[in-house]
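K.L.:
the sequence and its predicted three-dimensional model are supplied below.
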Amino acid sequence: MYGQDTAKDVYRDALPVIVVSLVAGLFAGTILGSETMREGIESVPGLLLLLPAFLATRGGVYGSLGARISSGLHQGIIEPRFELDERLGNAIVASFINGMSVSVFIAIVTFVVLTMTGQSGSLLQLVGIMIVAGFLSAVLMLSVLVSVIILGYRRGLDPDNIIGPVVTTLGDVFGVLFLLVGIYVTGLIL
Amino acid sequence: MSIGGDVDGEWSVWRMVRTMVPLLAGLSLLQMASGTVLETFEATLLTQPSLLVLVPVQIGTAGNLASIMCSRLSTQLHLGTFELSPSNPAIRANTVAVFGLAATVFGIVGIAAWAIGRVLGGSLGLVEVLTISLVSGMLLALVVVVLSVVSVTASYRLGYNPDDTTIPVVTNLCDITGVLILFGVVVAVL
């Protein structure tokens, strides 16, 4: 029964997904440590400042969406089907709004911190990078997360063990990658 | 998918946005603390890519462990089998599993970050990177366990759905402590 798992069960259930996300984390770290990204960090003032907030936001937004869907499935009030039922639809729309508004907020706060600490930075550049990176993350995370949870649940996997790794894996790798895309795109426009 | 709609209040878009946005905004403000730490170490990070590689892995793994533990505790809460007590077998099993997973993962991470850092042009030795990874990883596991149990209990007592609150709160706090612990250990070792 759920809740009666021993430490060994939890370890064995979680290890494969944790190792997969570890590999993805190393991949994200490698992108972060790459020559191109290090140039980006040097050329965009405030990028390291917003990095933790940006990476963590996606954990918060999409991790809680996953946990919500998982509890809904366990309680039987969400069906593991791809028809957009109203609860699932609402949860997805809310996550998108949350993700985008917080991304813009982070850009503004980063600019304020830069200004307060006497550094120069461009508000437009930071907001542009966050909008591009936030939007691409939202599209990717929402589609992959919902699919993986529903397909996993149908195959008898406990969604509680899948959500965290999926969110951090995709979140970190694509978060860092989409930041690079954001730097590139805003560089073209501004 | 009308806003509000005929589903219960718990699943309305407005309710989910109103609960989450202030929380996520507040947590992004806190994240500026780890952003500031990263910025302070910018010069070191740009010359020692192993440390830059460690950042997302360290944060991601802590977030993973925290979200597994929180999701499991919060589902128990929904099913009515959660009880805050050191003799609760579920809390014990999860705690032991989190420490086991941390030891496994941060050992691998240390070796991998060292190797990748070498390729990207860093100069840190294996013993240094491995020590930094393992020491900060085990301290982080302790933080994960304590924060998961405290926040699931607190959100339950305050009447919030733990799915909306615990995961964002715990992953964010783990990120922040993760960066603080990581650079605390970096300063101590290097």
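P.N.:
Cool, the structure landed. Numbering: from 1, shown residues only, chains lettered A, B, ... in the order given.

K.L.:
check what pLDDT residue 24 gets.
P.N.:
Looking at chain A here, since you left the chain open. A:Ala24 carries a pLDDT value of 83.

K.L.:
can you look at chain B instead?
P.N.:
Per-residue confidence (pLDDT) for B:Leu24: 89.

K.L.:
got a list of what it touches?
P.N.:
If you count contacts by C-beta atoms under 8 Å, 6 or more residues apart in numbering or on different chains, B:Leu24 has them with A:57, A:60-61, A:98, A:102, B:168. C-betas here are computed from N, CA, C, even on glycine.

K.L.:
any chance of those residues in JSON lines, with distance to B:Leu45 too?
P.N.:
Output for those, formatted as JSON lines (distance: C-beta to C-beta, whole Å):
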{"residue": "A:Thr57", "distance to B:Leu45": "21"}
{"residue": "A:Gly60", "distance to B:Leu45": "24"}
{"residue": "A:Val61", "distance to B:Leu45": "26"}
{"residue": "A:Asn98", "distance to B:Leu45": "30"}
{"residue": "A:Val102", "distance to B:Leu45": "25"}
{"residue": "B:Pro168", "distance to B:Leu45": "26"}
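
K.L.:
filter the residues you listed down to just the ones in helices.
P.N.:
The helices, defined by DSSP state H, take in A:57, A:60-61, A:98, A:102, B:168 from the contacts of B:Leu24.

K.L.:
which of these has the largest number of neighbours?
P.N.:
Scoring these on neighbours with other C-beta atoms under 10 Å in any protein chain shown, the highest-scoring entry is A:Val61 at 32 neighbours.

K.L.:
just checking, that one touches A:Ser95?
P.N.:
Yes - in this structure A:Val61 lies within contact range of A:Ser95 using C-beta atoms under 8 Å: 5.4 Å.

K.L.:
what's the helix or strand for A:Gly187?
P.N.:
helix A:159-189 (DSSP states H and E).

K.L.:
which strands and helices lie in contact with that helix?
P.N.:
Applying 3 or more C-beta pairs under 8 Å, 6 or more residues apart in numbering or on different chains; DSSP states H and E, one finds that helix A:159-189 contacts helix A:7-33, helix A:35-43, helix A:47-75, helix A:123-154, helix B:49-79.

K.L.:
figure out how far that helix is from the centre of its chain.
P.N.:
From the chain centre to the centre of helix A:159-189 is a distance of 6 Å (C-alpha atoms, centre = their mean, to the nearest Å).

K.L.:
same question, stretch B:30-39
P.N.:
Worked out by C-alpha atoms, centre = their mean, stretch B:30-39 lies 15 Å from the chain centre.

K.L.:
between the helices and strands packed on helix A:159-189, which one is nearest to B:Met32?
P.N.:
For the helices and strands packed on helix A:159-189, the distance to B:Met32 is smallest for helix A:47-75, at 6.4 Å, taking C-beta to C-beta.

K.L.:
where does the prediction get shaky in chain A?
P.N.:
For chain A, the stretches with pLDDT under 70 are A:1-4.

K.L.:
fine by me, we can end here.
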